[in-house]
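Participant: coordinates only, sequence not included:
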């Protein structure tokens with residue numbers, strides 16, 4: 001018979017997963033509490049949360065929301081944490097990945113983003129993608145760049161032509 005505390009934990013996990021459509025299971029090893037708190041502080045501005053959970057309770061919570069693919073035995077081994085991401089998950093995911101890369105003791109297990117299940121390697125690729133703002137800036141630059149070159153070319157051609165004509169006129173006059 002499960003205790004009342006465990007039932008409450010499972011229910012809170014179910015609510016957290018339902019409220020956050022994007023979540024990732026994280027594997028961690030021997031990481032100090034101070035580092036976890038630092039990670040939570042870094043994720044807070046991105047409206048994301050990081051919670052260490054017991055695998056057995058997480059398995060029950062995931063089964064309650066019909067995500068049984070995530071509750072497999074190979075996924076829920078070792079230490080686990082739940083990383084919830086907002087609807088615009090790009091910033092939070094890349095923030096976590098940068099922290100995990102520097103720390104070295106955190107890694108992806110499996111995740112659900114936009115109702116699709118992603119494995120460890122796919123999550124790493126997603127985390128390395130540039131943000132929407134960066135992509136929009138690159139597109140604007142690429143669109144603007146040829147126009148700027150055309151304008152520069154049109155501006156410089158008359159100036160060059162005048163210099164060439166002046167040079168030629170001086171040669172002919174002296175000559």
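Facilitator: Now that the structure is in, tell me what you want to look at. Quantities reported herein were computed from a predicted structural model and do not represent experimental measurements.

Participant: buried residues in stretch 13-20?
Facilitator: 13, 14, 16, 17, 20 (16 or more other CB atoms under 10 Å). The C-beta positions use only the backbone N, C-alpha and C, and glycine is treated the same way.

Participant: now, these that are in helices?
Facilitator: 13, 14, 16, 17 (DSSP state H).

Participant: out of those, which is nearest to residue 139?
Facilitator: Closest approach to residue 139 among those (CB to CB): residue 17, at 34.2 Å.

Participant: now do the contacts for that closest one.
Facilitator: Residue 17 is in contact with 23, 61, 62, 65, 67, 82, 84, counting by CB atoms under 8 Å, 6 or more residues apart in numbering.

Participant: just the buried subset of the residues you listed, please.
Facilitator: Counted by 16+ other CB under 10 Å, the contacts of residue 17 give 23, 61, 62, 67, 82, 84 as buried.

Participant: let's have the buried residues of stretch 13-20 in CSV, adding distance to residue 35 and pLDDT.
Facilitator: Below are the buried residues of stretch 13-20 laid out as CSV (distance: CB to CB, whole Å; pLDDT from 0 to 100):
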residue, distance to residue 35, pLDDT
13, 23, 86
14, 28, 84
16, 22, 86
17, 24, 81
20, 23, 82
